[in-house]
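A.B. asks: here you go, sequence then predicted model.
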There are 2 protein chains.
Amino acid sequence: MKPTKKYGKKIDLALSTWLKLYRAFNSFNKKSNESIKTFGLTQPQFAVIEALGHLGKLKVGELCDKLMVTGGSMTLVLDNVTKLGYVERIFDNQDRRAIYVQLTPKGKILFDKIFKNHAENILKYMSVLNQEEQILLGELLKKLGKSINKI
Amino acid sequence: MKPTKKYGKKIDLALSTWLKLYRAFNSFNKKSNESIKTFGLTQPQFAVIEALGHLGKLKVGELCDKLMVTGGSMTLVLDNVTKLGYVERIFDNQDRRAIYVQLTPKGKILFDKIFKNHAENILKYMSVLNQEEQILLGELLKKLGKSINKI
DNA sequence: AAAAATTATTTTGAGTTAGTAATTATCGAG
DNA sequence: CTCGATAATTACTAACTCAAAATAATTTTT
């Protein structure tokens, strides 16, 4: 990841900026994973619970799209969080092919606990930047993220 | 990930900034994975080749530290990239417990090709921001990344 | 110099995730 | 009502993860 060779000024600046993005993300993500583990969850399991916590009832296929995994993988992850008692499948009478997935009461409690913790951590980490800096950073990142998706 | 609930202004700003960081990183990472796949590599395999390409000969343990995985995982990943012919283990006469790992000529060729491609992509994606914006973004991210590591 | 502790890596075992392809069940259009 | 598309599961293969035990070499202690 470290750009030791010189590829030209513009490329070097781009690489170095990407490296900082990578590191900032990774440092945060590592911290995030620590708390996920203490709740006895894996990353994909956490991602499912987070998505359902924020977005409510979703179809299996919608979850696949959100989390960008195939159906075969999702079925297994759902089986695992279902075994843990956090999630349940409910059947749709409108379209009996579809299966909705939602948090159980136990799952909701976990989500609130995890996400509260998560939010507090984010605030703690973000607080090295003042509000103007956060807004500026957000704008730059948004511009960047959007452009990548267009390519 | 989407902060639908209100937790207070400061937390909301922090969450929304983190969300943008997450999305920008993820969009890029997704693109990055696409090219990794076209070279027939997995992410951990790519990470090994990238580390060796940039840093040269490393001990197995040093690689573990860099990539933050345990020795057991690393042994398997190294076995796989060795089978592919990109990496070789070499033994150290100073300390015969230690094993160094380095790219083979075939591995070096692959690295150059991958990293050139990688660098070009990064430049392409970063170019929506002008140089001043990239520098500013880099500074904010660096400040952020550093602070997290201290916690 | 022998014994004990530490270091470096591999081996083993159990579990999760990922993708692909085939299968089952349902839906919707003609 | 049948055919093609859609939704999810099942079955299979492969890779990665960690933890704990095993092996081997080095360093420290006595």
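C.D. replies: Perfect, I can see it now.

A.B. asks: for the rest of this, base every contact and every neighbour count on C-alpha atoms.
C.D. replies: Will do.

A.B. asks: so the helix ranked longest in chain A versus helix B:9-38, what angle?
C.D. replies: Counting by DSSP state H, the longest helix found in chain A is helix A:9-38. Inter-element angle recorded for helix A:9-38 and helix B:9-38: 110 degrees (by axes from the mean of the first three to the mean of the last three CA atoms, to 10 degrees).

A.B. asks: kindly report the residues of chain A close to DNA strand C.
C.D. replies: Within chain A, the residues that sit near DNA strand C (CA under 7 Å from any atom of the strand) are A:42-45, A:68-74, A:76-77, A:80, A:93-97.

A.B. asks: elements contacting the host helix or strand of A:Tyr125?
C.D. replies: Following DSSP states H and E, one finds A:Tyr125 within helix A:105-126. For helix A:105-126, the elements it packs on are helix A:9-38, helix A:43-55, helix B:9-38, helix B:131-150, judged by 3 or more CA pairs under 8 Å, 6 or more residues apart in numbering or on different chains; DSSP states H and E.

A.B. asks: what helices or strands is the first one leaning on?
C.D. replies: It stands for helix A:9-38. Here helix A:9-38 touches helix A:43-55, helix A:105-126, helix B:9-38, helix B:105-126, helix B:131-150, going by 3+ CA pairs under 8 Å, 6+ apart.

A.B. asks: CSV for the ones you listed, including distance to A:Ser27, mean neighbour count and mean pLDDT?
C.D. replies: CSV is the format used below for those (distance: least, CA to CA, whole Å; neighbours: other CA atoms under 10 Å in any protein chain shown; pLDDT from 0 to 100):
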stretch, distance to A:Ser27, mean neighbour count, mean pLDDT
helix A:43-55, 15, 19, 94
helix A:105-126, 10, 17, 90
helix B:9-38, 12, 18, 85
helix B:105-126, 20, 17, 90
helix B:131-150, 6, 17, 90
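
A.B. asks: how close does A:Ala14 sit to DNA strand C?
C.D. replies: Remark: distance between A:Ala14 and DNA strand C (CA to the nearest atom of the strand, to the nearest Å) = 28 Å.

A.B. asks: quick one, what contacts that residue?
C.D. replies: Neighbouring residues of A:Ala14 by CA atoms under 8 Å, 6 or more residues apart in numbering or on different chains: B:122-123, B:126-127, B:134.

A.B. asks: okay, now the domains of chain A?
C.D. replies: Listed domain ranges for chain A are A:1-38, A:41-150 (source: automatic domain parsing).

A.B. asks: to DNA strand D, which of those lies closest?
C.D. replies: Among these, the nearest to DNA strand D by CA to the nearest atom of the strand is domain A:41-150 (3.1 Å).

A.B. asks: can you flag the buried ones in the residues of chain A next to DNA strand C?
C.D. replies: Buried members of these, counted by 16 or more other CA atoms under 10 Å in any protein chain shown: A:44-45, A:74, A:77.

A.B. asks: nearest to A:Gly107 among the residues you listed?
C.D. replies: A:Gln45 (11.3 Å; CA to CA).

A.B. asks: I'd guessed the closest one sits against A:Val81; true?
C.D. replies: Yes - the pair A:Gln45 and A:Val81 qualifies as a contact (CA atoms under 8 Å) at a distance of 6.4 Å.

A.B. asks: any common contacting residues for the two?
C.D. replies: The contact lists of A:Gln45 and A:Val81 share no entry, where a contact means CA under 8 Å, 6+ apart.

A.B. asks: look at A:Asn93 and tell me its secondary structure.
C.D. replies: The three-state label given to A:Asn93 by DSSP: H, G, I helix; E, B strand; the rest coil is coil.

A.B. asks: what's the separation between it and A:Gly61?
C.D. replies: Noted for A:Asn93: a distance of 17 Å to A:Gly61, by CA to CA, to the nearest Å.

A.B. asks: one more: A:Ala47?
C.D. replies: For A:Ala47, the distance to A:Gly61 - CA to CA - is 15 Å.

A.B. asks: does stretch A:69-76 reach chain B?
C.D. replies: No - Stretch A:69-76 lies out of reach of chain B by CA under 8 Å from any CA of the partner chain, never closer than 11.9 Å.

A.B. asks: now do stretch A:63-76: everything it contacts.
C.D. replies: The contact list for stretch A:63-76 (CA under 8 Å, 6+ apart) reads A:47-48, A:51, A:60-61.

A.B. asks: run through those residues and flag the ones next to DNA strand D.
C.D. replies: Taking CA under 7 Å from any atom of the strand as the test, DNA strand D is in contact with A:60-61 out of those.

A.B. asks: taking the contacts of stretch A:63-76 together, which two end up most distant?
C.D. replies: A:Ala47 and A:Gly61 (14.7 Å).

A.B. asks: residues making contact with the helix holding A:Tyr125?
C.D. replies: By CA under 8 Å, 6+ apart, the surrounding residues in contact with helix A:105-126 are A:32, A:35-36, A:39, A:49-50, A:53, A:85-87, A:134, B:10-11, B:14-15, B:18, B:144, B:147-148.
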